[in-house]
Every structure is written in C-alpha cells, then in structure tokens.
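1. model this:
(one chain, ligands or ions: 1)
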Amino acid sequence: RTAELDSICLKAEVLPVISLERLEDAVPLGQALVDGGLTVLEVTLRTECALEAIKRMREALPSASIGAGTVLTPAQYRQAEQAGADFVVTPGATEALYRYGVESPVPMLPGVATVSEVMSGWQYGYRRFKFFPAVSSGGISALKAFAGPLSGARFCPTGGITLENAGEYLALENVMCVGGSWLTPKALIDEENWAAIRELARQAAERFHH
Ligand code: 3PG
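-> Predicted coordinates:
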C-alpha cells in the first residue's frame, strides 16, 4: 500500500485538486495539466459530474494517475473504485474509511491534521497521509514536529499551498508531495482557458519536479 502510494506520488511533487462543474471540461482540463507536466490529478467528489469526469479522464489520459478526492464515506469510496480511480483521497479519516481502505484494491491517502489521527491510521498500516488543512493546522512547524514521534510517516500537505510556499513544504523530509487548487482556478476553467492552466502547471512542474 505504502509502496503503491509512493509510486503514484513520486510521479509528481504537485497534485492539482480539481473541482468540475461541467463534465465537458474534464478531458481538456486534465490534458492541459498533463501537457504542463503534472500527471497525478485529484478530482473531488464535490460536484455531480465528478465520477463521470474520472471515468472520462481515465480513458483519455492514459499517462496520468487520476484520484478521487473528498471521499467521505465507504459508499463514495466504492463509487470511486467503480469509476476507475487510481487512488482515493479523503479530507479526514474515520474508522470506517480506514477499514474499507485496507480491503480495497485502490489505495487511500487519508486526511489527517493531528498526531492522534495519524496514530489511528497507523494501526491499520497507513504510513502516507494528506495533511489537511495544512496551513491552518500548523503548516511547516506542525510537520517538523510530526517528524519526531511519527518517523516513517510521510505527508501530502494540502489546503493553503501556493506556488510561493510549496517549495518550503517540499523541502521537508516527511513531505512527499503537495496538493492544491491554485493550479485550477475556477475563473480559468469557466472561460476554458486551457493554455493558461497549462502554463500554471508548467511553472509548478518546472520549479518542483526532480
Ligand atoms: C482540498 O480539498 O484538498 C482543498 O480544497 C485544496 O485546498 P486549497 O484550495 O487551499 O488548495
């Protein structure tokens, strides 16, 4: 599980968080991000077309890993599996999700904000977590503090990450990648400005990818 998540996250240090209002934007938006150099994408289940968007992106973008985000329940987890998601991201973690994730063929990156939440996941074998909401949950100094007691755990900080602060996070030993919606501004999606989104992705890929 940990190795599977590492192989996905190591493909890209920056994970765009995508919320889609219109299904027809899914493939061109995904293509713009991939063309810009970001190949691991998280589509949040916050909008009605999200599951269908994941299906279409899976088919149209074979070089990308497509995750389902904002998964709150095992039922949504199952829907994400059925849509073909390569991984699942949750904003927080419940025992039910931890249990479901252990059995699922699709790996889960559970959201945590505290040491206790990491410890709950640890019992089930989880070692990779989304740190959310990163900046308001203590940011860099929280992650540095986690490194002491939680050696072996690695995080994808998300929530308040920007092009400007991402580098500081990625420099930490226990950070494997960062996530954020700064790469997919709603205004650019609404105007179908795929060139501008490709440029945002390119900037991030150029700055942070090894
Ligand atoms: C998420 O669900 O991961 C967040 O909405 C992303 O946070 P951001 O909008 O602050 O990047």
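2. tally of neighbours for Gly148?
-> Applying other Cβ atoms under 10 Å, we find 8 residues neighbouring Gly148. No exception for glycine: its C-beta is placed from N, CA and C like everyone else's.
3. Return the distance of it relative to Arg78.
-> 37 Å (Cβ to Cβ, to the nearest Å).
4. Would you mind listing what in the chain touches the ligand?
-> Contact residues (Cβ under 6 Å from any ligand atom) of the chain with the ligand: 17, 44, 69-70, 91, 132, 158-161, 179-182.
5. Need the buried ones from those selected in ChimeraX.
-> Remark: buried members of the residues of the chain next to the ligand, expressed as a ChimeraX selection using 16 or more other Cβ atoms under 10 Å:
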select :17,44,69,70,91,132,158,159,161,179,180,181,182
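6. Now, the residues of the chain next to the ligand that are in strands?
-> 17, 44, 69, 179-180 (DSSP state E).
7. The ligand: which of these is nearest?
-> Gly180 (3.5 Å; Cβ to the nearest ligand atom).
8. Can you show me the helices along the chain?
-> 2-9, 26-36, 50-60, 74-83, 95-103, 115-123, 139-147, 166-170, 186-190, 194-208 (DSSP state H).
9. what are the C-alpha coordinates of the longest one, in PDB please?
-> Which is helix 194-208. Extracted in PDB, the C-alpha atoms of helix 194-208 (Å, rounded to 0.1, in the frame of the first residue of the first chain):
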ATOM      1  CA  TRP A 194      -6.600  25.700 -21.100                       C
ATOM      2  CA  ALA A 195      -3.500  27.500 -22.300                       C
ATOM      3  CA  ALA A 196      -3.300  29.500 -19.000                       C
ATOM      4  CA  ILE A 197      -3.900  26.300 -16.900                       C
ATOM      5  CA  ARG A 198      -1.100  24.500 -18.900                       C
ATOM      6  CA  GLU A 199       1.100  27.400 -18.100                       C
ATOM      7  CA  LEU A 200       0.300  27.200 -14.300                       C
ATOM      8  CA  ALA A 201       1.100  23.500 -14.400                       C
ATOM      9  CA  ARG A 202       4.300  24.100 -16.300                       C
ATOM     10  CA  GLN A 203       5.500  26.700 -13.800                       C
ATOM     11  CA  ALA A 204       4.900  24.200 -10.900                       C
ATOM     12  CA  ALA A 205       6.400  21.300 -12.700                       C
ATOM     13  CA  GLU A 206       9.500  23.200 -13.700                       C
ATOM     14  CA  ARG A 207      10.100  24.600 -10.300                       C
ATOM     15  CA  PHE A 208       9.400  21.500  -8.200                       C
END
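10. contacts for that helix?
-> Helix 194-208 is contacted from outside by 12-14, 16, 28-29, 31-38, 163, 166-167, 170, 182-185, 188-189, using Cβ atoms under 8 Å, 6 or more residues apart in numbering.
11. again, only using 6 Å
-> Contact with helix 194-208 is made by 13-14, 28, 32-33, 35-38, 170, 183, 188, as judged by Cβ atoms under 6 Å, 6 or more residues apart in numbering.
12. Now the buried members of the residues you listed.
-> 13-14, 32-33, 36-38, 170, 183, 188.
13. and Glu164, how many residues sit next to it?
-> 8.
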